[in-house]
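*Asks:* No letters, just coordinates:
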């Protein structure tokens, strides 16, 4: 059982930046692809970004391209999401997730087995 804990959410103004981190309790962290998802009120959970186990490949949603960057440090069992140029529509609870799936499945919620508890990101206009 892998436990994931997110840090770094908060309130920021439009155009600001936040860096989320997610640390895994298990030493097998480097075996998993990692993803960030978000869910806002009344909407389904949606894919934001993902990174393969090695960190060699990353994928992100079109709406965050050029603004968000996912990265990982396998020595620290941690994945990061650097969010720049934040917009009010980025407001949501952000979740990290761990899974084992091919690169073509990393955007799917059901590709991930373990989930963090979520951290709130609020962008004020």
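*Replies:* That came through fine. Quantities reported herein were computed from a predicted structural model and do not represent experimental measurements. Residues are numbered from 1 along each chain as shown.

*Asks:* residue nearest the centroid of the protein?
*Replies:* Central residue of the chain (CA atoms, centre = their mean): residue 36, 2.1 Å from the mean position.

*Asks:* how far away is the residue nearest to it when sequence neighbours are not counted from residue 63?
*Replies:* The shortest distance from residue 36 to any non-neighbouring residue, by CB to CB, 6 or more residues apart in numbering, is to residue 48 (4.4 Å). All C-beta atoms are positioned from the backbone trio N, CA, C, and that covers glycine. According to CB to CB, to the nearest Å, residue 48 and residue 63 sit 9 Å apart.

*Asks:* Counting neighbours, go ahead and name the busier of these two.
*Replies:* A direct count of neighbours by other CB atoms under 10 Å for residue 48 and residue 63 places residue 48 higher, at 25 against 12.

*Asks:* and the host helix or strand of the more buried one, which strands flank it?
*Replies:* Taking DSSP states H and E as the criterion, residue 48 maps to strand 46-51. Using DSSP bridges, the strands paired with strand 46-51 are strand 33-39 (antiparallel), strand 58-60 (antiparallel).

*Asks:* Whichever helix or strand comes after the shortest one - contacts with which helices or strands?
*Replies:* Translated: strand 58-60. For strand 58-60, the following helix or strand on the C-terminal side (DSSP H and E) is strand 68-73. On a contact count with 3 or more CB pairs under 8 Å, 6 or more residues apart in numbering; DSSP states H and E, strand 68-73 meets strand 33-39, strand 46-51, strand 58-60, strand 78-83.

*Asks:* what's the offset of the third one from the middle of its chain?
*Replies:* Centre-to-centre, strand 58-60 and its host chain are 10 Å apart (CA atoms, centre = their mean, to the nearest Å).

*Asks:* Need the residues that contact the lowest-mean-pLDDT helix or strand in the chain.
*Replies:* Ranked by mean pLDDT, DSSP states H and E, the helix or strand of the chain with the weakest confidence is strand 58-60, at a mean of 93. Contacts with strand 58-60, where a contact means CB atoms under 8 Å, 6 or more residues apart in numbering, come from 48-52, 68-71, 103, 106-107.
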